[in-house]
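Asker: I'll drop the sequence and a predicted model, then ask my questions.
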Amino acid sequence: MNYECIQGDISQQNNIDAVVNAANAELQTGGGVAGAIHRAAGPELTEATRPLAPIEPGQAVITEAFNLPNDYVIHCLGPVYGKDEPSDELLADCYRNALELTEKYKIKSIAFPAISTGAFGFPFEQATKIALDTLAGHVSTLSHLKTIRFVLFSDKDYQRYQHALEQFS
């Protein structure tokens, strides 16, 4: 498996088959990642997600990517830290469920944001460890996925994720 970490905008990942949306339960435009993805994808994304909502913490659903440079958007609802319990398990479910969709749709590359670390308040280091451990535990079961990219918006988050990824490999 090829792991990458970049600083950038998750809605501008030109060479990735699927991007992960850190979605809200109603799968609608929001702030942060959800806002960036919905704005870039266009109003068709909102229409496509409407019949799939609401989703529960840990759940993942997939749609076409519309005006994004990708084939798919995988929408994951991460847990709100301190509210949705067990938060560690629900966050791991987001990553596991996204990976299951990559297998079902024969997706070769995926880009993840740092799910639940923004407005949902999950401690960054803890969320990063859960993400990396969960992905490492499941990639051997996948026959299509070849690249996992982590896309962090801020330089600080990029530096922290890159450091965690270096320690992990």
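Answerer: Looks like it came in fine.
Asker: tell me where this protein has helices.
Answerer: 32-41, 43-49, 87-104, 124-138, 155-168 (DSSP state H).
Asker: between these, which one is nearest to residue 3?
Answerer: Judged by C-beta to C-beta, the one of the helices of the chain that comes nearest to residue 3 is helix 155-168, at 6.1 Å. Using the backbone N, CA and C atoms, a C-beta is placed for each residue, glycine as well.
Asker: now the angle from the closest one to helix 124-138?
Answerer: 40 degrees (axes from the mean of the first three to the mean of the last three C-alpha atoms, to 10 degrees).
Asker: output helix 155-168 as PDB - backbone C-alpha positions only.
Answerer: Included here for helix 155-168 are C-alpha records, laid out as PDB according to Å, rounded to 0.1, in the frame of the first residue of the first chain:
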ATOM      1  CA  ASP A 155       0.300  23.400   7.700                       C
ATOM      2  CA  LYS A 156       0.200  22.500  11.500                       C
ATOM      3  CA  ASP A 157      -2.100  19.500  10.900                       C
ATOM      4  CA  TYR A 158      -0.100  18.400   7.900                       C
ATOM      5  CA  GLN A 159       3.100  18.500  10.000                       C
ATOM      6  CA  ARG A 160       1.500  16.500  12.800                       C
ATOM      7  CA  TYR A 161       0.000  13.900  10.400                       C
ATOM      8  CA  GLN A 162       3.200  13.500   8.400                       C
ATOM      9  CA  HIS A 163       5.100  12.900  11.700                       C
ATOM     10  CA  ALA A 164       2.600  10.300  12.800                       C
ATOM     11  CA  LEU A 165       2.800   8.600   9.400                       C
ATOM     12  CA  GLU A 166       6.600   8.500   9.500                       C
ATOM     13  CA  GLN A 167       6.500   6.900  13.000                       C
ATOM     14  CA  PHE A 168       3.900   4.500  11.800                       C
END
